[in-house]
Structure formats: C-alpha cells, structure tokens
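Undergrad: Here is my input; please provide its structure:
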Amino acid sequence: MKAHNTSKRILLGIIIVLFLIPTNVFAKTSAEIAQDIINQKNALTQSENQLATSKANLDKYNNDLSGAQGGIPRIEAEINQLNAELEYNTIQLNLYSQNKKLKELEKLQREITRTNSVRSNYMEWRTKNNDVARIIKEDYDFKKNEKYTELVADKQTDDIGIVNAEVNKLISEISNFETKKATLEQKQIDLENKKKELEAQIAYLASLISYNSSQINGLEVSVKSIQTSLLSLSEKQRQAILREEEILKQNQGTLGNTDCLRDPSAAAGSLYLCGNGRDLATGHGVGMSQYGAKGAAEAGLNAVQILEFYYKGARVTSGSVTSQISVKYCENNPALDAYQDGCGDGRAPVTESVSFDTYLAGLGEMPDSWPVEARKAQIIAARTYAANYTNNGQNPICLTTYCQVSYFKNGDNSELALAQSTNGQVITYNGQFIQALYSADNNQGYGTADYGTRFQNSDGSVSVNLPYLTSVNDNIYAQNSRSYWKAYCGSSPCGLWKWKTFSYSMADIEDMFYHNAYGQWIIDIGGLASISFERDASLRVKRVYLNGKNGQNRIIGGWWFKYYWNIWVDAKGSYDYIYSQTYYLNAN
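TA: Okay, here's the model as predicted:
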C-alpha cells in the first residue's frame with residue numbers, strides 16, 4: 001500500500017510540475033476548433049452528396065457499356081465509363097482529404113482537452129489544499145493529505161487515459177485515410193493510362209500494318225496491303241512499328257541472301273542471328289496472304305474456299321451487312337490526305353454515304369491480271385474489314401492508310417463488277433464480323449503467322465484471342481506464285497530472303513537489354529546464361545526466354561526482341577538488323 005500511495009504522490013507531483021512549466025500554445029482556442037469541426041462536417045456532407053450523384057452517373061455509364069456493340073461504339077462507351085469512374089474517384093479522393101482534415105481537427109481538440117484536463121484537475125485540488133509550497137519544499141507530511149492526493153491522481157489518470165485513447169484512435173484513422181487515398185490515387189493513374197490507350201485505339205483503329213510493295217516482276221501494278229492497327233494492338237507497339245519501319249528503310253540495298261552457316265573466322269563460341277524473310281517488304285504475315293490467294297486460285301480454289309482456308313473456323317456468309325457505307329475524306333486529296341491529321345488545304349473533311357460496292361470498287365489491292373477468284377477473295381476480305389471498322393455502317397470510314405485505302409473518289413471503279421458479284425458476302429466467326437487481316441506475302445517457309453506472334457504485349461502475351469487468325473501452312477499455294485520484288489530481295493522471293501548478322505557475345509546481348517532499359521532483368525537473373533525460343537507453327541518466334549545464371553528467367557515477346565535489337569544496332573550506326581520474326585540464334 002505504501003508503494004502504491006507513493007506512486008500516486010509522485011504522479012501528483014509531476015502534475016504540479018507540468019502545470020508550472022510553460023506548455024505548448026495552441027494556435028486556436030477550443031471554441032474555434034469546435035467551429036472548424038462543424039464547418040468541416042458541412043463540407044463532408046456536401047461532398048457525400050456529390051459522391052452519390054457521381055455514383056448514379058457511373059452506374060448509368062456501366063449500363064451503357066454493358067449494352068454497347070463492338071468496334072468504335074464499344075470503345076467510346078468504355079471511355080465514357082472511365083470518365084465517370086475518374087470523376088467518382090476524384091470526389092472520393094476529396095472526401096478522404098476532408099475526412100483526414102476532420103480527424104486532424106478532432107485530434108487537436110482532444111489534445112487541448114488533455115492539456116486542459118491536467119490544468120483543471122490540478123486547480124481543483126489546489127483550491128482545496130494549501131500545501132503545494134510545502135510539497136515543493138519537501139517538508140510536507142504526505143500522510144496528512146494522502147486522501148486528497150489519491151482522489152486527484154485517480155481522476156487525472158482516468159481522464160488522461162480516455163483522451164489518450166481517443167487521440168490514438170484518431171491517429172489510426174488518419175493513417176487509414178492516407179492509405180486509402182494512396183491506393184485510390186494509384187487507381188486513378190491506372191485508369192488515366194487505360195483511357196489514353198482506348199483513345200489511341202480509336203485514333204488508329206485499322207491503320208496500315210503491312211507496307212506498300214514495289215513493282216511485281218514487271219506486271220506494272222503494286223500490291224497495297226493494309227496495315228491494320230487492331231483493338232488489341234497497344235499504342236506502345238504501334239509507335240514501335242512506325243519507328244522500326246523508319247530504321248529498316250535506311251537499308252534498301254541487297255544485304256542478305258546469306259546462308260545460316262558458321263563463320264570460320266569468328267571467335268569460337270561467339271553468337272550470330274540468321275533467318276528467312278523481309279517483313280518490311282512482305283507485311284505482317286497474319287491472315288490471308290495475297291500471293292497465297294493467287295496461288296490457291298491458280299490451283300483451282302474458289303474465293304470462299306480461299307478465305308475459309310486462311311481464316312480458320314470462319315465462314316463466308318451473306319445478308320448480314322449493310323448496303324450503304326459512310327465515308328469521310330479530305331475533298332482535295334481523298335486517298336492520301338488523312339483528315340485525322342488535318343486536311344492539307346485547310347478545309348473541313350467531307351462525310352458522304354455511298355453504296356458499299358462503290359467503295360469496294362476503288363480498292364485495287366490486286367492486279368487485274370490475277371485470277372478472278374483471288375480478287376473476289378480480296379473484295380470479300382475488304383468488305384468484312386470495313387463492316388467491322390464501321391460497326392456495320394454506323395460509323396464513317398476514311399479512305400487513307402488510317403483505315404483502308406480506296407480510290408473510288410479518284411475515279412477508280414475497276415473492281416465494281418467483282419464487288420457486285422460478291423454483294424453482301426462477309427466473313428464471320430460465331431456470327432460476328434472477323435478482323436480480316438491480310439498482307440502481301442505471309443509465308444517465310446512454313447506458312448502464315450499466329451495473330452499473337454505478331455500483335456503482342458512486350459511479354460509475348462496478347463490482349464484478345466482471335467482463334468481464326470492462327471498459323472496456316474500455305475506452302476502448296478504460296479511457294480509457286482511469287483517470283484517478285486527483285487529490287488528488294490534479289491533472286492529469291494522476299495518471304496524466303498535469307499539474312500545473317502555479324503558475330504556477338506552474350507555480353508553484347510546483355511548490353512542490348514541495358515540499352516533498352518531492361519538492364520534490371522539481367523541483374524535479376526544473375527547475368528545471361530542462354531537464350532531459348534518458343535515458336536508458332538510457322539516457325540516465327542513467339543517468345544524469347546532469357547535464362548539466367550541463378551536459375552531464374554525472364555520472357556520477352558519475339559517481335560519485341562527483334563524490335564529492341566534493331567533499335568540497339570541502329571544506335572551503334574549499323575545495318576546489322578533482324579529482318580523478320582523467323583530468326584535463329586547459333587554459335588560459331
């Protein structure tokens with residue numbers, strides 16, 4: 001009991017000393033803080049009402065999105081939903097900040113209460129006892145006033161304990177609000193990035209993927225293969241494709257035609273890359289091959305058979321497509337002046353409704369001298385592409401490489417008869433228009449590429465599954481139909497054009513990854529021990545596995561490995577490119 005009483009007397013002494021020592025001066029009085037709390041609660045109520053209104057708006061756009069059709073309307077509905085969610089999150093962030101401010105005011109109020117509690121308990125005891133001076137002088141008989149001491153100490157302990165608990169609770173709540181705010185801010189960043197990607201998809205949906213070809217072995221026509229930027233083609237890869245084009249165009253000579261053989265003069269164990277094909281000249285390699293269609297028609301296949309051969313599981317159907325299509329163009333130069341970049345003469349673009357057949361008549365994708373069934377297949381593929389792009393006529397399509405080139409406004413109607421003879425025919429998969437990709441020459445030895453091999457995220461994954469765009473071995477048709485483009489590829493077809501790099505070490509390849517900001521991968525795997533490839537049925541590289549010295553690995557898409565290599569060698573001032581996705585890594 002003596003020890004217990006002694007501790008209480010000590011506590012009381014501390015209280016007295018605390019009272020006598022100067023304490024913190026609060027910037028506002030308790031009454032002012034109480035008024036601030038009322039004001040903050042009113043602001044919170046207003047924000048909560050705004051949040052409820054924003055939530056109703058978000059629910060509306062969620063419903064709109066669930067009912068939206070495919071193509072551009074679907075993307076626009078998704079952007080509207082994202083805008084509503086961003087607005088909702090912004091209000092919620094404001095609400096978190098206001099809640100935090102309120103809790104900080106309440107915490108300050110509790111701290112003032114705690115300070116005042118010490119003073120008031122002391123003053124209450126002081127007015128009833130005249131022994132303070134004697135306590136300080138150490139000649140006071142504690143036993144004479146022991147009961148007073150115990151009462152004051154007990155009351156003070158209870159009061160301060162309650163206020164301390166309230167303060168600690170408020171500190172915890174403030175910390176929780178900070179955590180929620182940080183999480184929501186990151187979500188806002190993610191939503192903004194997603195919105196940018198969707199906006200980019202609208203801007204570049206169906207822009208050109210393959211390249212305008214050169215003269216075809218003296219036939220005096222060129223194959224103008226489309227270069228379609230799909231919904232699943234990210235803005236990052238679209239920009240990368242354009243950049244790589246500019247790099248590869250620097251070398252228009254006849255490098256290549258080199259067998260994939262070891263260099264006897266190279267250091268033992270050094271590495272080199274080699275392969276077949278020249279993508280800059282032949283196109284992306286996915287879907288229908290125009291030269292393959294020519295060979296198939298020469299072998300006796302009709303248009304429907306050609307299309308159903310190249311688009312696995314898809315069917316050519318009739319009657320589900322609009323007869324009219326809306327086109328949008330720059331009047332001064334319809335097929336070349338992209339209105340998305342601003343008409344060259346400064347005038348606003350023109351929108352016009354025309355028959356689907358009139359639009360298709362001006363495509364001119366294949367020479368008039370090619371077999372009729374191959375050209376019919378081309379018309380049906382182009383009709384399907386345009387129907388998909390416009391959501392079956394609900395939206396306009398441009399006449400330039402942003403969409404699909406048509407020269408009908410320039411007076412070209414050379415394919416009108418074929419367009420009319422295939423009127424209404426489209427390619428569908430599970431009742432939906434397909435992404436009817438095609439390019440000039442898709443065969444680099446073993447057929448066309450998988451969609452996910454060519455259009456992929458940086459890790460080799462894909463954002464959408466298109467089962468009708470998987471590899472098809474068209475050797476029986478393509479190999480016999482393409483003696484062309486000697487200006488590009490010498491004596492061999494560009495799809496079989498051979499190329500080989502100089503010799504490199506594993507350290508050089510590590511340097512390539514460091515140059516392209518992937519150095520952390522090399523660090524994480526303890527250095528590069530080996531490289532292995534995953535291929536699709538056409539033998540194009542789908543994924544590259546970077547195998548580390550510590551047993552870990554990293555994966556990069558096959559197209560991205562080619563891209564980053566070409567960026568690296570270009571920075572070194574070299575033309576030692578990877579020219580196609582059919583590539584191999586060998587040791588000398």
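Undergrad: burial of Glu352, as a residue count?
TA: 13 (other Cβ atoms under 10 Å). For every residue, glycine as well, the C-beta is placed using N, CA and C.
Undergrad: From Gly346, how far out is the residue lying closest to it once chain neighbours are set aside?
TA: For Glu352, ignoring the flanking residues on the chain, the nearest one in space by Cβ to Cβ, 6 or more residues apart in numbering is Val327 at 5.6 Å. Going from Val327 to Gly346 by Cβ to Cβ, to the nearest Å gives 20 Å.
Undergrad: what does Phe561 give?
TA: From Phe561 to Gly346 the distance is 44 Å (Cβ to Cβ).
Undergrad: So if I had to pick from the two, which one is more boxed in?
TA: Comparing Phe561 with Gly346 by neighbour count (other Cβ under 10 Å), the higher total belongs to Phe561, at 27 against 8.
Undergrad: list the contacts for the more buried one?
TA: Phe561 makes contact with 541, 544, 578 under the criterion Cβ atoms under 8 Å, 6 or more residues apart in numbering.
Undergrad: where's it relative to Arg554, distance?
TA: 11 Å.
Undergrad: between the two, what contacts are shared?
TA: By Cβ under 8 Å, 6+ apart, no residue touches both Phe561 and Arg554.
Undergrad: For the stretch 301-450 of the chain, just list every one of the strands.
TA: Remark: strands assigned in the stretch 301-450 of the chain by DSSP state E, counting those that start in this stretch are 315-318, 324-329, 350-355, 397-398, 425-429, 432-433, 438-439.
Undergrad: winner for burial among those strands?
TA: strand 438-439 (a mean of 29; mean count of other Cβ atoms under 10 Å).
Undergrad: Could you check how far it is from the centre of its chain?
TA: The chain centre lies 25 Å from the centre of strand 438-439; the measure is Cα atoms, centre = their mean, to the nearest Å.
Undergrad: avg pLDDT for whichever helix or strand comes after that strand?
TA: Next along the chain after strand 438-439, taking DSSP states H and E as the criterion, comes helix 451-454. When pLDDT is averaged over helix 451-454, the result is 94.
Undergrad: Centre of the chain to whichever helix or strand comes after helix 451-454, how far?
TA: Using DSSP H and E, the helix or strand that follows helix 451-454 towards the C-terminus is helix 475-478. Its chain's C-alpha centre and that of helix 475-478 lie 36 Å apart, by Cα atoms, centre = their mean.
Undergrad: Stretch 565-578 too?
TA: Distance, centroid of stretch 565-578 to centroid of chain: 26 Å (Cα atoms, centre = their mean).
Undergrad: so how far does that stretch reach from one end to the other?
TA: Stretch 565-578 has its terminal residues 7 Å apart, counting by Cα to Cα, to the nearest Å.
Undergrad: List the contacts of that stretch.
TA: Counting by Cβ under 8 Å, 6+ apart, 243-244, 247-248, 250-251, 255, 273, 275, 499, 501-502, 511-512, 515-516, 561-562 sit against stretch 565-578.
Undergrad: try 6 Å
TA: 244, 247, 251, 273, 501-502, 512, 515, 562 (Cβ atoms under 6 Å, 6 or more residues apart in numbering).
Undergrad: Return the item of those having minimum pLDDT.
TA: Asn251 (59).
Undergrad: What's the local residue count around the closest residue in space to Pro371 that isn't next to it in sequence?
TA: Nearest residue to Pro371 in three dimensions, chain neighbours excluded: Ala297, at 3.6 Å (Cβ to Cβ, 6+ apart). Per other Cβ under 10 Å, the neighbour tally for Ala297 reads 23.
Undergrad: got the contact list for Ala297?
TA: 371, 373-374.
Undergrad: If we use 7 Å, what do you get?
TA: Counting by Cβ atoms under 7 Å, 6 or more residues apart in numbering, Ala297 touches 306, 371, 373-374.
Undergrad: In CSV: those residues, plus neighbour count, distance to Ala52 and pLDDT.
TA: Compiled in CSV, these are given as follows (neighbours: other Cβ atoms under 10 Å; distance: Cβ to Cβ, whole Å; pLDDT from 0 to 100):
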residue, neighbour count, distance to Ala52, pLDDT
Ile306, 30, 58, 98
Pro371, 22, 65, 94
Glu373, 21, 62, 97
Ala374, 26, 61, 96
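Undergrad: Among those residues, which pair sits farthest apart?
TA: Greatest spacing in the contacts of Ala297, by Cβ to Cβ: Ile306 and Pro371 (9.8 Å).
Undergrad: where does the stretch 401-550 of the chain dip in pLDDT?
TA: Along the stretch 401-550 of the chain, segments meeting pLDDT under 70 span 480-492.
Undergrad: What residue spans form the domains of this protein?
TA: Recorded structural domains for the chain (assignment: automatic domain parsing) are 2-203, 235-255+277-486, 498-587.
Undergrad: Using JSON lines, lay out those domains together with distance to Ser265.
TA: Output for those, formatted as JSON lines (distance: least, Cβ to Cβ, whole Å):
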{"stretch": "domain 2-203", "distance to Ser265": "47"}
{"stretch": "domain 235-255+277-486", "distance to Ser265": "19"}
{"stretch": "domain 498-587", "distance to Ser265": "9"}
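Undergrad: Of all these, which one comes closest to Ala267?
TA: domain 498-587 (6.8 Å).
Undergrad: chain center to that closest one: distance?
TA: 22 Å.
Undergrad: May I have the distance across that domain, first residue to last?
TA: 18 Å.
Undergrad: dump the residue contacts of the residue nearest to Ser505 when sequence neighbours are not counted.
TA: Nearest residue to Ser505 in three dimensions, chain neighbours excluded: Ser270, at 6.0 Å (Cβ to Cβ, 6+ apart). Applying Cβ under 7 Å, 6+ apart, we find Ser270 in contact with 503-505, 588.
Undergrad: Ala338: what's it in contact with?
TA: 398, 400, 402.
Undergrad: picking that back up, just give me the closest of the contacts of Ser270 to Arg315.
TA: Tyr504 (47.7 Å).
Undergrad: what is the closest one paired to in the beta sheet?
TA: Leu271 (DSSP bridges).
Undergrad: Also Gln432?
TA: Tyr429.
Undergrad: pLDDT below threshold where in the stretch 1-150 of the chain?
TA: 1-28, 30, 61, 64-75, 113-150.
Undergrad: that's a strand at Gln186, yeah?
TA: No: counting by DSSP: H, G, I helix; E, B strand; the rest coil, Gln186 is located in no strand; its state is helix.
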